[in-house]
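In: Okay, predicted coordinates and the sequence, questions at the end:
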Amino acid sequence: MERIDCDVVIVGAGASGLTAANKLKDAGKSVVVLEARDRIGGRLWTDDIDGAMLEIGGQWVSPDQDALIETIDELGLETYSRYREGENVYIGETGERRLFEGDIFPVPAKTEGEIVGLIEKLDALVAEIDPDAPWAHPRAKELDEVSFAEWLGTQTDDEEAKLNIGMFIAGAMLTKPAHAFSALQALLMAASAGSFSNLVDADFILDKRVVGGLQLVPLGLAERLGGAVRLGQPVRKLRWNPEQPDAGVTAVTDDLEVHAKRVILALAPVLISRISYEPPLPRRQHQLHQHLSMGFVIKVHAVYETPFWRADGLSGTAFSPYELVHEAYDNTNHGDPRGTLVGFVSDEEADGVFTLDAEERKAKILESLSHYYGEQAKNPVVYYESDWGSEEWTRGAYAASFDMGGLARYGADLRTPVGPIHFSCSDMAGKGYQHVDGAIRVGREVAAAILAEG
Ligand code: FDA
């Protein structure tokens, strides 16, 4: 067993852990980053699939994400805009395909009125929520005891309006059914992006991508750390002595023992309990980690010889709460003559298609894409499904959220350090929650807290 000594050991080489490591190193601390996988980046991963460059995990950057934008600039990376010229597609309950521009779907006038009213109500409520402390809202407990689906039901009886507004948070963000998370959790999701209106605005929330892929962010951060990042090192055990907090902590992998003054667990919070602790974590942590779970979504990539939908005057942006693929976009890479569509199959729909064999699943998903873009969508030259649910070191997508009542009950303790153990992850962020921006923000904050401790 090799022994290493350092000031801070960071568990997880995702955007959050690598940000913290860089901030600590810049302040003169020695760091070691232990990563379970044999690659850097966690939920950011760009790979070559059958000759196509695909962003298997996170990829989009929105204009409010200033921590991420600063990091992109510091690393000298270039960005480009998502293709959005032309008309968008919406499919309603009867399966009729309608084209539209702007954010509001082409639905019957009454439904449109309900949608606009709901967006206004949600914007007003979201404005009252501090994304860094949603539990501090005077009605936090009450809002955390009602599911988002139930809350929508108290606002309108228009089914299409409920499904569409539900979709923006449920299928599209938390990737859980709207009955499975609370209204408070939904408000946090919107507050973390600035407003509910921002979530509805695809041109805002899915604005830019990084040339070469967003994984270049963690790769660039890791490069600055030189040999401090050790891959293929799942941390199995953490040991410390509560009687002697200054004696530090030992992180144990199959090959290494890293002795440090502090440790940062920079991993999805659902994985914290996979590590053994000596002594065990306190009761509060044991409890709260059981009230968090990952959402689940399949990110589908379909590459074609040309972006054929553009010739039909389509932007590639498509939505329907009635379709297997509830949202899809033009995801053509910068400078690529081929055209790529990306679509999303979320929560219970994803469960459903994973009961099928791979060919049947592909056929069903492409059939759904063809409802938006026509028959040509059924014949991609490259097809790939990002399935983070079967990744041992992530276990779902996009991120973790609390079950009913969990956010008001436990949210405030999510990032409370335990002795020398600190926590950092996008799934614990306020602003930028569930996004790379949040991962970077929390990484910076945890590094600053450790530096303040001396
Ligand atoms: P992350 O999970 O990335 O890193 C944690 C690291 O810890 C991993 O590398 C893991 O292997 C490691 N680890 C776990 N257990 C360990 C152990 N015991 N020992 C050692 N290492 C261990 N965001 C966005 O801003 N724009 C977007 O468009 C999208 N889209 C999107 C699509 C898909 C399909 C996914 C899965 C995710 C997104 N996201 C996104 C979310 C975004 O990717 C995510 O919020 C951040 O990358 C999370 O970064 P973290 O560093 O917090 O965790």
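Out: Thanks, I have it. Values in this document were obtained by computation on a predicted structure and should not be read as measured data.

In: near the ligand, which residues of the stretch 351-454 of the chain show up?
Out: 386, 388, 393-394, 397-399, 425-426, 434-437, 439 (CB under 6 Å from any ligand atom). Every residue, glycine included, has its C-beta placed from N, CA and C.

In: could you redo the last one with a cut-off of 5 Å?
Out: The stretch 351-454 of the chain comes close to the ligand at residues 388, 393, 397, 398, 425, 426, 435, 436, 439, as judged by CB under 5 Å from any ligand atom.

In: now the helices for the stretch 351-454 of the chain?
Out: Using DSSP state H, counting those that start in this stretch, the helices assigned to the stretch 351-454 of the chain run over residues 358-373, 406-410, 436-453.

In: and the nearest residue to residue 30 once chain neighbours are set aside, what does it touch?
Out: Of all residues not flanking residue 30 in the chain, residue 6 sits nearest, at 4.2 Å (CB to CB, 6 or more residues apart in numbering). By CB atoms under 8 Å, 6 or more residues apart in numbering, the residues touching residue 6 are 29, 30, 31, 32, 258, 259, 260.

In: Using PDB, write down the CA coordinates of stretch 315-329.
Out: Extracted in PDB, the C-alpha atoms of stretch 315-329 (Å, rounded to 0.1, in the frame of the first residue of the first chain):
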ATOM      1  CA  SER A 315     -34.800  24.700 -35.800                       C
ATOM      2  CA  GLY A 316     -34.600  21.100 -34.500                       C
ATOM      3  CA  THR A 317     -36.200  22.200 -31.200                       C
ATOM      4  CA  ALA A 318     -39.200  19.900 -30.400                       C
ATOM      5  CA  PHE A 319     -41.400  19.300 -27.400                       C
ATOM      6  CA  SER A 320     -44.400  17.100 -26.500                       C
ATOM      7  CA  PRO A 321     -45.500  15.900 -23.100                       C
ATOM      8  CA  TYR A 322     -47.300  13.100 -25.000                       C
ATOM      9  CA  GLU A 323     -44.200  11.700 -26.800                       C
ATOM     10  CA  LEU A 324     -41.700   9.100 -25.700                       C
ATOM     11  CA  VAL A 325     -39.000  11.700 -26.500                       C
ATOM     12  CA  HIS A 326     -40.400  14.600 -24.600                       C
ATOM     13  CA  GLU A 327     -37.800  17.200 -25.900                       C
ATOM     14  CA  ALA A 328     -35.300  17.200 -28.700                       C
ATOM     15  CA  TYR A 329     -32.800  19.600 -30.200                       C
END
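
In: May I see the buried residues of it?
Out: 315-321, 323-329 (16 or more other CB atoms under 10 Å).

In: now the end-to-end length of stretch 371-386.
Out: 21 Å (CA to CA, to the nearest Å).

In: Name the surrounding residues that touch it.
Out: Contacts for stretch 371-386 (CB under 8 Å, 6+ apart): 49-52, 54, 56-57, 89, 91, 95, 97, 298-305, 308-309, 312, 314, 316, 318, 320, 323, 325, 328, 338, 341, 361-362, 365-367, 369-370, 397.

In: Return the distance of that stretch from the chain's centre.
Out: 24 Å (CA atoms, centre = their mean, to the nearest Å).

In: Mind exporting the C-alpha coordinates of stretch 234-252 to CSV?
Out: Presented in CSV, the C-alpha positions along stretch 234-252 are these (Å, rounded to 0.1, in the frame of the first residue of the first chain):
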residue,chain,number,x,y,z
PRO,A,234,-12.2,4.3,-5.7
VAL,A,235,-12.1,5.4,-2.1
ARG,A,236,-13.4,2.5,0.1
LYS,A,237,-12.8,3.9,3.5
LEU,A,238,-12.3,7.1,5.5
ARG,A,239,-10.7,7.0,9.0
TRP,A,240,-10.4,9.9,11.4
ASN,A,241,-10.4,10.4,15.2
PRO,A,242,-13.2,12.6,16.5
GLU,A,243,-11.2,12.9,19.8
GLN,A,244,-8.3,14.5,17.8
PRO,A,245,-9.8,16.4,14.9
ASP,A,246,-6.4,18.0,14.1
ALA,A,247,-4.9,14.6,13.6
GLY,A,248,-6.6,14.6,10.1
VAL,A,249,-8.1,11.9,8.0
THR,A,250,-7.0,8.9,6.0
ALA,A,251,-8.6,8.0,2.7
VAL,A,252,-8.1,4.4,1.7
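
In: Would you mark the buried spots in it?
Out: So, applying 16+ other CB under 10 Å, buried residues of stretch 234-252: 234, 235, 238, 240, 248, 249, 250, 251, 252.

In: Next, count neighbours for residue 79.
Out: Residues within reach of residue 79, counting by other CB atoms under 10 Å, total 15.

In: Quick check: bridge partners of it?
Out: Beta-bridge partners of residue 79, counted by DSSP bridges, are residue 210.

In: which among the contacts of residue 6 end up buried?
Out: Buried members of the contacts of residue 6, counted by 16+ other CB under 10 Å: 29, 31, 32, 258, 259, 260.

In: Compute the distance between the fourth one and the ligand, please.
Out: Same thing as residue 258. In this view, residue 258 and the ligand are 11 Å apart by CB to the nearest ligand atom, to the nearest Å.

In: Chain neighbours aside, what residue packs nearest to residue 198?
Out: residue 204 (5.1 Å).

In: Spell out which parts of this structure neighbour the ligand.
Out: So far as CB under 5 Å from any ligand atom goes, the chain lies against the ligand at 11-12, 14-16, 35-37, 42-44, 57-60, 234-235, 267-268, 271, 299, 388, 393, 397-398, 425-426, 435-436, 439.

In: hang on, the earlier thing: so can I have a markdown table of the helices of the stretch 351-454 of the chain showing mean neighbour count, mean pLDDT and distance to residue 25?
Out: Formatted as a markdown table, the helices of the stretch 351-454 of the chain follow (neighbours: other CB atoms under 10 Å; pLDDT from 0 to 100; distance: least, CB to CB, whole Å):
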| stretch | mean neighbour count | mean pLDDT | distance to residue 25 |
| --- | --- | --- | --- |
| helix 358-373 | 17 | 98 | 44 |
| helix 406-410 | 22 | 98 | 32 |
| helix 436-453 | 23 | 98 | 9 |
